[in-house]
Every structure is written in structure tokens, then in C-alpha cells.
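Chemist: no sequence for this one, just the structure:
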């Protein structure tokens, strides 16, 4: 199987208004894809549609050659930090262990193997010494690293991350991007919603540029193009440097 994700002409409507329209693309193993576009472009809606969390109109989505429902255990999702209740009283290690629940029968409790996986994942994100802390006590970057650890213990084949670099420190961003590169090197397929265009060429193999409709998809160096970005951002482009386009205040 060459394609891990295959999307054909999908649309999502809210109250008869299109959030995304007629989007098609495909991705293979070992590809790190950045999903970019202005605010309100439908990036999160597209990601949720790929996960089966949004109802699509028409078209078809295949993940690992199957419908999403059949391969859900092979998918890991890190939502936006703003979608999470950080006041909920839960320990860091328990947040990470949540990533193992889908792999356990209902009658089996969390055991030594699951706890070992959780410790290893926390070590990978540099958060092993925080395992007994409340998740709400951590900084934004630390919280994001814990949720990356939760995704790691799922033993997923495809990872979906919605703006993982927003509101985090430089150290956390470096740890996360290096982890994503390692996952890519191990043949994982990764989609990341991202807003900082100054880093997309260095971070991602491919870019998926949308504004409700698909504007461009392909290698980052090809999609990161003034004409295509101008079409997507519709006038929000106003900083040019060394023939490269940056978007400010979109």
C-alpha cells in the first residue's frame, strides 16, 4: 500500500455554509506535512474530518486503505491546547496513560507494560520528572509535551497535531519538532496544522495550503510560493524578505 491517507472530493458544511469544499490529496509513509492557511480556512475542520470527528458531504476518505472507523487505534490526535480543560485534576502520568486505553480490553487494568511505555514517552519529551505533577500546574510548552507523550504511547501509524507550537517555549518547540522528525524517519505519517510561515520550509516535507478549498499541495519549496500564498491569504500578505513571503496578523 503506497498511500497512507487518501482523500477524494470531501466537503464539510456548518448550517449549510461550507467550511471546506471538494478537497482531494494523498500522503505516503514517512512524510511530515504542514497544513497551512489563514484563520477560518478550515484547517481544523479538515483534520477532524480525516479523524472521523466531522461529518463529510460526498467524497471519500481512506486511511491505511480502510475507512477511518476500522483503523482508529492506529491514529493519534493532539488537539489545540485551547480545546483542553487544564483545570481538570489529573496527574501528568495519567494523561499519558490515557493513550493506552484503546489498546486494552475493558476488563484489564493499566499494568506494568503500560506504565513502562508511559515513562519512556515522558523521557522522550523531557518530562519524566513531572510525572506526579498536576497537568494544570505546567507551563504551556510542558503541557504540550505531555500530550505529545500521550500520542507516542498509542503506537500509532498516523499522527495529527493541531497547532502544537502555539504559545510554547523555544525548548519545547525544538523537542517536539525533533520528535516529529524521528517519527517520520520511522515511517510514520504526520499532519501538523501550523501558522508560522517563516519555518514551514525547514519543518515540513509537504505543505497542504487551503482556504476552504485546496489552493496547493506538494513539496514545501513548491507550495511556499508568493502567488499561491497570496491566493490563500487574500491580502494578508504584507512582508517580503529575500523573495520569501511571510504572513503577519492573519
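Modeler: Received it, and whenever you're ready, just let me know what you need. Remember, it's a predicted structure, so these values are computed and weren't measured experimentally. Numbers count the residues shown, from 1 in each chain.

Chemist: check the gap between the residue positioned nearest the centre of the chain and residue 4 for me.
Modeler: In the chain, the residue lying closest to the centroid (Cα atoms, centre = their mean) is residue 161, at 1.6 Å. For residue 161, the distance to residue 4 equals 16 Å [Cβ to Cβ, to the nearest Å]. (Glycine included, C-beta is placed from N, CA and C.)

Chemist: try residue 10
Modeler: Distance from residue 10 to residue 4, by Cβ to Cβ: 16 Å.

Chemist: sorry, back to before: thought the residue nearest to the centre of the chain was touching residue 183?
Modeler: No - at 10.6 Å, residue 161 does not count as touching residue 183 under the criterion of Cβ atoms under 8 Å.

Chemist: can you give me how far the longest helix anywhere in the chain is from the chain middle?
Modeler: Counting residues, the longest helix in the chain under DSSP state H turns out to be helix 170-185. How far helix 170-185 lies from its chain's middle: 13 Å, per Cα atoms, centre = their mean, to the nearest Å.

Chemist: can you list contacts of the helix or strand that that helix is followed by?
Modeler: The C-terminal neighbour of helix 170-185 among helices and strands, as given by DSSP states H and E, is strand 189-193. Defining contact as Cβ atoms under 8 Å, 6 or more residues apart in numbering, one finds that strand 189-193 is touched by 4-5, 27-36, 43-44, 47, 50, 157-164, 180, 183-184, 203-204, 208.

Chemist: what pairs with strand 189-193, parallel or antiparallel?
Modeler: Its sheet considered, strand 189-193 pairs with strand 32-36 (parallel), strand 158-162 (parallel) by DSSP bridges.

Chemist: average pLDDT for stretch 202-212?
Modeler: Averaging pLDDT along stretch 202-212 yields 97.

Chemist: helices along this protein, start to end?
Modeler: 43-50, 92-97, 112-124, 140-152, 170-185, 200-203, 220-223, 226-233.

Chemist: adding distance to residue 60, write the ones you listed out as JSON lines.
Modeler: Converted to JSON lines, those look like this (distance: least, Cβ to Cβ, whole Å):
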{"stretch": "helix 43-50", "distance to residue 60": "11"}
{"stretch": "helix 92-97", "distance to residue 60": "34"}
{"stretch": "helix 112-124", "distance to residue 60": "33"}
{"stretch": "helix 140-152", "distance to residue 60": "26"}
{"stretch": "helix 170-185", "distance to residue 60": "26"}
{"stretch": "helix 200-203", "distance to residue 60": "28"}
{"stretch": "helix 220-223", "distance to residue 60": "24"}
{"stretch": "helix 226-233", "distance to residue 60": "25"}
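
Chemist: looking at those, which is nearest to residue 76?
Modeler: Nearest to residue 76, of all those, is helix 140-152, at 3.8 Å by Cβ to Cβ.
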